[in-house]
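Participant: Using only what follows, build the 3D model:
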Amino acid sequence: MLTASLINPGKIYIREIAKPEISSDTDVLLKIISVGICGSDLHYFLKGRIGDQVIDYPFTPGHECAAVVEKTGPKVTRLQPGDRVAVDPAVSCGRCDQCLRGRPHTCRKLSFLGCPSQLEGCLSEYIVIPEQNCYPFDKSMTFTQGVLVEPLSIAVYAVNHLKDIKADKIGILGTGPIGLSVLLAAQKTDISAIYITDKIHSRIKSALNAGAKWGGNPDESDIVRAIQNQTSELDVVFECCGDQAALDQAVELLKPGGKLLILGIPEIDRISFNINRLRRKEISIQNIRRQNQCFQTALDMIKNGSVEVDFMATHTFPLSEAQNAFELASSYEDGVIKAIISP
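Facilitator: Numbering: from 1, shown residues only. Prediction:
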């Protein structure tokens, strides 16, 4: 089969490798139809690493995908050949202390698609994955929508952290696919106003069209002052771009007792905060680690039309043009939000 592998930073090569085979009774062989390029994929493409996760070349990236079931193991009960599925890329063990406490997303033995030293990615014609990671959907959904289930599930999980907070006004700093997904999920709550920022005008426009109250570019204006001129301080800020300046802005935007939720993946190993501002305001900080049991909820939201995600899929490429797809996505040109590759 064909796969698109990273062979050096910034370089993807289409190569022929052996088609994977089912090795566990509960495994499923999937024919990949669509793959989304995520921000973490771009880190691997450009830098060859995220923190201590370093690529050993060649390596196949990709973790957002939708597929058709090609073959099932003898103990698979929910799926059959021909089923259309969205794929949860995180394979948990189900036996460690984290899994048993309802935290499979922080499983001690978790393996993740397209993560070095864990699992090769899905930017191939076929992959094998456990049945538990496959979520069926019918023809009322497209395969592109199936791809977008994964980023939306992260947003749903993040927004679930508002349930115990009396949040009325929130900020979303960075409106790429994750930030836009947070915007869509947050609108299904009692939030009255959502303020967003991004350095790309087309993404600001997309966020405003999707329901944000206000949008601004931090490269062009003092977004803290601009937001505070319109409203009092914010209850919650979602940091979705992995940028030190955005973290600093979040602390300034939050009210005393506010909460900062970090979804963005920084390019650097360490970030910092003004501890005086953090302490005096008693700001709570929480990282969001992927998603926890929100995948089906996200799929249902797309299926029943409660959220509209199609606008995020702006470009589509065949597998043979994976290099072009990654170059476009990493340059943020031509209004790209989510580039989709169709093996």
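Participant: Share the number of residues neighbouring residue 212, please.
Facilitator: Residue 212 has 24 neighbouring residues, counting by other CB atoms under 10 Å. Heads up, the C-betas are built off the backbone N, CA and C, glycines and all.
Participant: And for residue 57?
Facilitator: 13.
Participant: Can you pull the phi and psi angles for the nearest residue to it once chain neighbours are set aside?
Facilitator: Excluding the flanking residues, the one nearest residue 57 by CB to CB, 6 or more residues apart in numbering is residue 7, at 5.4 Å. Backbone torsions of residue 7, given as degrees, to the nearest 10, read phi -120, psi -10.
Participant: cool, residue 144 as well?
Facilitator: The phi and psi torsions at residue 144 (degrees, to the nearest 10) take the values phi -60, psi -40.
Participant: got a list of what the nearest residue to it once chain neighbours are set aside touches?
Facilitator: Nearest residue to residue 144, sequence neighbours excluded (CB to CB, 6+ apart): residue 313, at 4.8 Å. Contacts for residue 313 (CB atoms under 8 Å, 6 or more residues apart in numbering) come out as 36, 144, 147-148, 337-338, 340.
Participant: how much space between the residue nearest to residue 57 and residue 337?
Facilitator: To residue 337, residue 7 is 27 Å away according to CB to CB, to the nearest Å.
Participant: same question, residue 78
Facilitator: Applying CB to CB to residue 78 and residue 337 gives a distance of 32 Å.
Participant: Who has more neighbours out of these two?
Facilitator: Using other CB under 10 Å as the criterion, residue 78 and residue 337 rank with residue 337 on top: 19 against 13.
Participant: show me what contacts the more buried one?
Facilitator: 176-177, 180, 202-203, 206, 311-314.
Participant: which residues in the stretch 101-250 of the chain form helices?
Facilitator: Counting by DSSP state H, counting those that start in this stretch, the stretch 101-250 of the chain has helices at residues 143-159, 177-186, 201-209, 223-228, 244-253.
Participant: and the shortest one, what does it pack onto?
Facilitator: Other elements packing on helix 223-228 under the criterion 3 or more CB pairs under 8 Å, 6 or more residues apart in numbering; DSSP states H and E are strand 214-216, helix 244-253.
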